[in-house]
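# test case, fold it:
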Amino acid sequence: MKIKPLADRVVVKPLPAEDKTKGGLFVPDTAKERPQQGEVVAVGPGRVTDDGKRIPAEVKVGDKILYGKYTGTEVDYEGTEYLIMRESDIFAII
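Have a look, this model is predicted:
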């Protein structure tokens, strides 16, 4: 990965949205919700506290995560869409 996030930022590749509901109905592209799961593809070195200590990130490359619906900034890099977000915007590792 050529994108190197700074501080406590994380680069995430969103997982594709579901094509079918649990009941078996197909969802058209216009009705699909924005995905809230993704895979971490790059992690910054961690945030720096007020006294200058660096706190390393808790997530690592390859982790599957849950994040907020409208979290992060969308970036298109070499034809692939990514989200760049702060580590604090991640809810859980799954």
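# ranges for the strands of this structure?
Using DSSP state E, the strands found in the chain span residues 9-14, 37-43, 47-48, 54-55, 64-67, 73-77, 80-86, 90-93.
# touching the third one from outside, list them.
Just to be clear, that refers to strand 47-48. With contact meaning CB atoms under 8 Å, 6 or more residues apart in numbering, strand 47-48 is reached by 7-8, 54-55, 87. Every residue, glycine included, has its C-beta placed from N, CA and C.
# let's go with 7 Å and repeat that
Here strand 47-48 makes contact (CB atoms under 7 Å, 6 or more residues apart in numbering) with 7-8, 54-55.
# winner for burial among the strands of the chain?
Neighbour counts averaged per stretch over these are highest for strand 9-14, at a mean of 22; criterion: mean count of other CB atoms under 10 Å.
# who does it pair up with?
Sheet pairing of strand 9-14 (DSSP bridges) gives strand 37-43 (antiparallel), strand 80-86 (antiparallel).
# any chance of the ones you listed in JSON lines, plus distance to G72 and mean pLDDT?
Shown next, in JSON lines, are those (distance: least, CB to CB, whole Å; pLDDT from 0 to 100):
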{"stretch": "strand 37-43", "distance to G72": "9", "mean pLDDT": "96"}
{"stretch": "strand 80-86", "distance to G72": "4", "mean pLDDT": "95"}
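# mind checking which of these is nearest I93?
strand 37-43 (8.8 Å; CB to CB).
# any idea what V10 is bridged to?
Judged by DSSP bridges, the bridge partners of V10 are V43, M85.
# what's the distance between the residue lying closest to V11 once chain neighbours are set aside and T73?
Residue nearest to V11 in three dimensions, not counting chain neighbours: A42, with 4.0 Å by CB to CB, 6 or more residues apart in numbering. Per CB to CB, to the nearest Å, A42 is found 14 Å from T73.
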